[in-house]
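Novice: sequence first, predicted coordinates after that:
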Amino acid sequence: MESNNGEDFEDDRIPFKKIFQKRKKSSERTRDKKLRQNRQLRKSMVPKNALMALNEVKGINISDFTINSNPDGGFTAIVTVNSVQYEGKGHSKMASKNLACEKALRDYIIARMTPRPRSTPKTATTGGDGAVEPMVTNDGEPSDTPEDDVPMLNLASFAIYKLFAEWEREGFVVPEMHPSSGGNSNAQSNAQDAPAAAAAVVPKEPKKPPVRTELPASWETMHPATLLCVMRPGLSYVDHGCIGDKPNIMQCLGVIVDNQEFTANGRSKKIARRNVAVNVCNSLFNTNFTYEEY
């Protein structure tokens, strides 16, 4: 009888290995929570330029912009933010506005991050029950009062915008920077279900970027791709694939500027993109950039 009871007890136990086989590597609840947080962050951290990010910060007073044309081309924007005047220079009015707002946003964020000097607190007193009461500052508030939070969401939106803009200057297309294109595709899909309503809506043509004829004053110190972006904004590079055999494989990129196609090669796409910009700038703008060695 004892042996049978022992065998029954052993049969009821779950084998040690099966316990770990049934245990999940990652909790589904934790994974779902992370997915929800990621979706929420993506909805909140929309790329925004400096002007949009600054306008959404609470406690900011922005005056009207004063736009002046520069003798060497471009514009200068002047704006007063919280009684401080800022100036920005750019190849377009919007670029100059954004640069001025970026300076204002930078100063505001740094000022909020800088610890405030605390005033000399009064000596702590002991209550009647022996407990030490919190120290009170000169303004009558407890010393442990939390300071206002830094607008990190606005800062993150602008930081993402600046990163995406840098990628676009290098020739990459970032869909998040052009959300209207996604809206157009949705409109086209809805047009199949409602042709009469779609016929009444006529999409506006995108505004053509400004075309400059004069080089900036400091073009010699600029990267060729950056100069090309200033002179002809909105360009998209075309990947023509690879040429050659290993280990001498070359990347080939091209771009169409002023109805002319320019191509160049390089060891990497980054070098090829630079050489394409050199080809365009030297041909159209009479610059003297040197090609990077293949």
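Specialist: That came through, no problem. Residues are numbered from 1 along each chain as shown.

Novice: A111: neighbouring residues, count only.
Specialist: For A111, the neighbour count with other Cβ atoms under 10 Å is 11. Every residue, glycine included, has its C-beta placed from N, CA and C.

Novice: cool, M222 as well?
Specialist: The burial count for M222: 17, using other Cβ under 10 Å.

Novice: ok, it - contacts?
Specialist: M222 is in contact with 216, 230, counting by Cβ atoms under 8 Å, 6 or more residues apart in numbering.

Novice: likewise S157?
Specialist: S157 makes contacts with 45-48, 52-53, as judged by Cβ under 8 Å, 6+ apart.

Novice: quick check: PyMOL command selecting the buried ones in these.
Specialist: Burial among the contacts of S157 is assessed by 16 or more other Cβ atoms under 10 Å; the matching PyMOL selection reads:
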select buried, resi 45+47+48+52+53
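
Novice: closest to V230 out of the contacts of S157?
Specialist: Among these, P47 lies closest to V230 (Cβ to Cβ), at 20.6 Å.

Novice: can you give me the pLDDT of that closest one?
Specialist: The confidence metric pLDDT takes the value 88 at P47.

Novice: give me the nearest residue to it, chain neighbours excluded.
Specialist: Y161 (3.9 Å; Cβ to Cβ, 6 or more residues apart in numbering).

Novice: roughly how far does the one you found sit from L99?
Specialist: According to Cβ to Cβ, to the nearest Å, Y161 and L99 sit 13 Å apart.

Novice: same thing with G73?
Specialist: For G73 relative to L99 (Cβ to Cβ), the value is 15 Å.

Novice: between those two, who's got more neighbours?
Specialist: L99 (18 against 14).

Novice: got the phi and psi for that one?
Specialist: Main-chain dihedrals, L99, degrees, to the nearest 10: phi -70, psi -40.

Novice: need the contact list for it.
Specialist: Here L99 is in contact with 50, 77, 88-90 (Cβ under 8 Å, 6+ apart).

Novice: same check, this time on K43
Specialist: Contact analysis of K43 by Cβ under 8 Å, 6+ apart lists nothing.

Novice: check the spatially closest residue to W167 that is not a sequence neighbour and give its pLDDT.
Specialist: The shortest distance from W167 to any non-neighbouring residue, by Cβ to Cβ, 6+ apart, is to V174 (5.5 Å). The per-residue pLDDT reported for V174 equals 80.

Novice: I243: neighbour count?
Specialist: 11.

Novice: I'd assumed N98 was in contact with the residue nearest to P47.
Specialist: No: judged on Cβ atoms under 8 Å, Y161 makes no contact with N98 at a distance of 9.4 Å.

Novice: neighbour count: these two, which is higher?
Specialist: N98 (25 against 22).

Novice: quickly note the distance from the more buried one to V150.
Specialist: Distance, N98 to V150, using Cβ to Cβ: 21 Å.

Novice: likewise E102?
Specialist: According to Cβ to Cβ, E102 stands 16 Å off from V150.

Novice: over to W167?
Specialist: When distance is defined by Cβ to Cβ, W167 is 26 Å away from V150.

Novice: could you chop this structure up by domain?
Specialist: Listed domain ranges for the chain are 26-114+150-171, 222-294 (source: automatic domain parsing).

Novice: is it possible to get JSON lines of these that adds distance to T213?
Specialist: Shown next, in JSON lines, are the domains of the chain (distance: least, Cβ to Cβ, whole Å):
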{"stretch": "domain 26-114+150-171", "distance to T213": "8"}
{"stretch": "domain 222-294", "distance to T213": "9"}
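
Novice: residue boundaries of the strands in the stretch 151-294 of the chain?
Specialist: Here the stretch 151-294 of the chain has its strands, by DSSP state E, counting those that start in this stretch, at 238-243, 250-257, 260-266.

Novice: before we move on, the earlier item: need the worst-confidence member of the contacts of L99.
Specialist: Minimum pLDDT for the contacts of L99 is recorded at G90 (86).
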